[in-house]
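# sequence unknown, structure follows:
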């Protein structure tokens, strides 16, 4: 739409073309500027607050010290291995949870008797905080990768399962009936109607799970005194002489990775399900 | 929707009620029975039978004298401290989230500038900050409540900002045309329009708050359900540990159900438009 005046202007001469950006690029630039300015503002505010030293800087180090430490840590191979360990266990847990719960959720959601029989159990199991199972997992599997992966899988399974069941169950009955009228069999209805209309909600479940899984895994590493991972690095840094800059820097790095994961999931969601937003008001 | 029609269509006689009860809870009961039999058969100390867990739970929390309403000391050592901190931290998160959400969301520039920082802060896993919180705030209730509030404020804050920002411009223009004063515009147009999004945020923040409550009680604590789980694990009192885990489930379930009821009554007017803001 907004490209139309652009193209009419084009023959007017290269001089004018240089001054007007295409709207997409202008939008990108604005977003970039916004993010940059926002981050700078945040950093300056944090620096000012820590510079005033309401608490001694050995307890709460300056923002610039932490930022330097972040850069240092990003070049530190042992630390990066810890990060890789955490992210690996997180990804594996999330993957296993997705793999198990999505077929299960589709099965429950498509059959009315199964939905009515199983939903109360799901509702009961869902609020059990996965971190409450940390002590049990340590007893059963020790402070190993297995414990972490199983707990992350447990924690991330519920939002995915719940959203899948709801997504599949809430498919507009008229659409499925129409598909049946056109002679589609059950499998075809599932593939052509049910799955596409439930997919956005399923994906929302995965996205929510992803950030929840990150909280859970850092919690496990910190509490269980695991041998490697960001959480155990934080525990080590704080218990050996209280290197608060390292603690904050690794927390910030965990946050950065969480942010990146969020952004990636958000982009996928917007690209894959852009059609869904058409009917919704504005965003 | 379909479900309601399904169940109210049948005659409500006794056998019908029994059948719908069995239909609804039958599988759960069967699983419970299977768990009981499997645990009896396995005789593993890690997996006590559900019946033992239930007895232990009754002993821990419901064996008190009648003048205390049969509540045992465990209630005052485990449940009340946990519940108190959870509710304190969570309600602080809701209050802060909604207030700042409205303030930030009303200004386009402000919310644009703050969004990246807020997204970053939200992505920091709460448990990673426990060492800092311990150093700054000690190991008392303040630290735990702050951790819960810090960890669960983001969904409320971000959803409020989004909800306030995406109010239908037509509604705002109408309010302006009718010369509604700013305060009335806020309470009668903006807030109601943002409520569904705010509630969606509150729901997510409840599950985060429960997670952080447990996490905070697993570190340097002296009471609470998390502390009970930790001590019983260390002393290998596994039945006790299981009953504390199930207590947490019951707590989460109750709070979720209460929130759902509140949400339903607050959002009664909104039901028709509900499907549109599901995400």
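Thanks, I have the structure now. Computed from a predicted model, the values in this text were never measured in an experiment. Residues are numbered from 1 along each chain as shown, chains lettered A, B, ... in the order given.
# what comes up buried for stretch B:177-196?
For stretch B:177-196, the neighbour count (16 or more other Cβ atoms under 10 Å in any protein chain shown) marks B:180, B:185-186, B:189-191, B:193-196 as buried. In this view, the C-beta of every residue, glycine as well, is placed from N, C-alpha and C.
# go on, stretch B:229-248?
B:229-230, B:232-233, B:238-248.
# among those residues, which ones are in helices?
Using DSSP state H, B:229-230, B:232-233, B:238-248 are the members of these that sit in helices.
# show me the subset of those residues that also lies near chain A.
Near chain A, taking Cβ under 8 Å from any Cβ of the partner chain as the test, the members of these found are B:229-230, B:232-233, B:238, B:241-242, B:244-245, B:248.
# so residue A:141 is in contact with residue A:150, correct?
Yes: counting by Cβ atoms under 8 Å, residue A:141 touches residue A:150, with 6.9 Å between them.
# more neighbours: the two, which one.
Comparing residue A:141 with residue A:150 by other Cβ atoms under 10 Å in any protein chain shown, the one with more neighbours is residue A:150, at 19 against 15.
# what helix or strand is the more buried one on?
Secondary structure from DSSP states H and E places residue A:150 in helix A:145-169.
# run through the chain and note the low-pLDDT ranges.
Went with chain A since none was named. Low-confidence segments of chain A, defined by pLDDT under 70: A:1-21, A:226, A:241, A:276-283.
# oops, chain B please
B:1-13, B:63-74, B:270-279.
# buried set for the helix ranked longest in chain A?
The longest helix of chain A (DSSP H) is helix A:77-110. Within helix A:77-110, the residues that count as buried by 16+ other Cβ under 10 Å are A:79, A:82-83, A:85-87, A:89-90, A:93-94, A:96-98, A:101-102, A:104-106, A:108-110.
# do stretch A:114-128 as well
For stretch A:114-128, the neighbour count (16+ other Cβ under 10 Å) marks A:115-119, A:122, A:125-128 as buried.
# ok, which stretches of the stretch 1-150 of chain B are strands?
Here the stretch 1-150 of chain B has no strands by DSSP state E, counting those that start in this stretch.
# quick check: residues of it near chain A?
B:2-3, B:6, B:23-28, B:31, B:46, B:112-117, B:119-132, B:135-136.
# kindly recompute the last result at 6 Å.
Within reach of chain A by Cβ under 6 Å from any Cβ of the partner chain, the stretch 1-150 of chain B has these residues: B:23-24, B:27-28, B:112-113, B:116-117, B:119-120, B:123-125, B:127-129, B:131, B:135.
# which strand or helix spans the nearest residue to residue B:167 once chain neighbours are set aside?
Using Cβ to Cβ, 6 or more residues apart in numbering or on different chains and skipping residues adjacent in sequence, the residue nearest residue B:167 is residue B:193, 4.5 Å away. Assigned by DSSP H and E, residue B:193 falls within helix B:191-217.
# relative to helix A:145-169, how tilted is that helix?
On the basis of axes from the mean of the first three to the mean of the last three Cα atoms, to 10 degrees, helix B:191-217 is oriented at 160 degrees to helix A:145-169.
# residue B:55: neighbour count?
14.
# for the one 4 residues further on, same thing?
A count of nearby residues for residue B:59, using other Cβ under 10 Å, gives 14.
# now do the SS call for the residue of the stretch 101-250 of chain A found nearest chain B.
Relative to chain B, the nearest point of the stretch 101-250 of chain A is residue A:127 (2.7 Å; Cβ to the nearest Cβ). Look at residue A:127: counting by DSSP: H, G, I helix; E, B strand; the rest coil, its state is coil.
# give me the nearest residue to it, chain neighbours excluded.
residue B:252 (2.7 Å).
# could you do residue A:200 as well?
residue A:273 (4.5 Å).
# quick one: the residue of chain B positioned farthest from its centre from residue B:241, how far?
Relative to the centre of chain B, and counting by Cα atoms, centre = their mean, the farthest-placed residue is residue B:177 at 40.4 Å. According to Cβ to Cβ, to the nearest Å, residue B:177 stands 63 Å off from residue B:241.
# one more: residue A:244?
Separation of residue A:244 from residue B:241 (Cβ to Cβ): 33 Å.
# which of the buried residues of stretch A:114-128 lies closest to residue B:90?
Residue B:90 has its nearest neighbour among the buried residues of stretch A:114-128 in residue A:127, at 13.8 Å by Cβ to Cβ.
# that closest one against residue B:255, yeah?
No: using Cβ atoms under 6 Å, residue A:127 makes no contact with residue B:255, being 7.6 Å away.
# at the geometric centre of chain B, which residue sits there?
Of the residues in chain B (compared using Cα atoms, centre = their mean), residue B:206 is nearest the centre, at 2.8 Å.
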